[in-house]
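S.K.: show me the folded form of this:
(2 chains)
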Amino acid sequence: MEENYIATGKVLYIFWNLPLSSIHPQAQVSAEAVECAALQGKFWPMHDLVFRNQNEWAGKANARDILLGYGAQVGLDEAAYRACLTEGQTTQKIKDDAAFAASIGVGGTPFFVFNSKGKLYALSGAYPYENFRQALDSLLQESP
Amino acid sequence: MGSKFLFLFLVCGLLLLGCTSQVTGTPEPPLVPAPTKASTPIPPSPVPTQAEGPTATPPRPTPPPQLANRPQVTVQGQLERGIPYGVTADGHAFKGDPQAPILLFEFSDYQ
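M.R.: Numbers count the residues shown, from 1 in each chain, chains lettered A, B, ... in the order given. This next block holds a predicted model:
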């Protein structure tokens, strides 16, 4: 999707946090880690790294320490990153995102909202690329 | 003789009752294959939007402006393939052309 729709200027992709802490114990801290990287302009590298290495930290008691180790890999100022994560500087932001999601009835992940000329469409769940292609192509036909 | 008949009658009756209850008991739910995700029509359901004039359906809530309006953005740089990235005014990471015709919001966690 990135190649065909984002890189081609057809889609602006915006990320909201929705950690499902009741079933994913490390979801909150991982979201906080990525948002701490975002404070240094490194959201996407950290986002990709945390997703890619899920098996490394998910379900681990020392997930925070593992996530702290990712700072160097994406070129963060490690002291600032550590302080951010340790002091919970992004905790409230994640909670605010989750509260907003709850306020509009979003309770599961992933959840997608398409905005085409102000009209909103929802898609709940992990769908294959083909579904997104069909949805986006049909919406693009409406918004030349 | 009469008591034998009565005994046999009761045994047969109990056997029949047992068979009947097996047949008429609560049936198992039918094994209907779940629809595959690939066959689900897209987009499947609109997010609640402003009611459009008088209709038989109840009015829907106003769509949240955070999703309905194009966000103000600050571009911070470019990713691979020259994709712009940055942050919206309300603090959300984005990638893509800020003027792209479609906005796609993802609510996600990492686990």
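
S.K.: what stretches of chain B score poorly on pLDDT?
M.R.: Within chain B, the stretches with pLDDT under 70 are B:1-61.

S.K.: let's go with 90 and repeat that
M.R.: Residue ranges of chain B with pLDDT under 90: B:1-63, B:111.

S.K.: then chain A?
M.R.: A:21-22, A:107, A:142-144.

S.K.: show me where chain A has helices.
M.R.: Using DSSP state H, the helices of chain A run over A:27-38, A:43-52, A:54-57, A:63-73, A:78-87, A:91-103, A:129-142.

S.K.: which outside residues touch the third one?
M.R.: Same thing as helix A:54-57. A:26, A:30, A:50, A:63, A:66-67, B:110-111 (CB atoms under 8 Å, 6 or more residues apart in numbering or on different chains). C-betas here are computed from N, CA, C, even on glycine.

S.K.: can you list the buried residues in that helix?
M.R.: By neighbour count with 16 or more other CB atoms under 10 Å in any protein chain shown, helix A:54-57 contains the buried residues residue A:57.

S.K.: just give me how far it sits from the chain centre.
M.R.: Computed by CA atoms, centre = their mean, to the nearest Å, the separation of helix A:54-57 from the middle of its chain amounts to 16 Å.

S.K.: thinking again about what came up before, and the helices of chain A, which is most packed in?
M.R.: Of all the helices of chain A, helix A:27-38 carries the top mean neighbour count, a mean of 25, counting by mean count of other CB atoms under 10 Å in any protein chain shown.

S.K.: what about that one and chain B, touching?
M.R.: Yes. Legend: contact between helix A:27-38 and chain B by CB under 8 Å from any CB of the partner chain is shown at A:27, A:30-31, A:34, A:38.

S.K.: doesn't residue B:65 make contact with residue A:100?
M.R.: No. Contact between residue A:100 and residue B:65 fails when scored by CB atoms under 8 Å: they sit 11.1 Å apart.

S.K.: residues in contact with the residue nearest to residue B:72 when sequence neighbours are not counted?
M.R.: For residue B:72, ignoring the flanking residues on the chain, the nearest one in space by CB to CB, 6 or more residues apart in numbering or on different chains is residue B:89 at 3.9 Å. By CB under 8 Å, 6+ apart, the contact set of residue B:89 is B:71-74.

S.K.: buried ones among the residues you listed?
M.R.: B:71, B:73.

S.K.: any idea how far stretch A:120-137 is from the middle of the chain?
M.R.: 17 Å.
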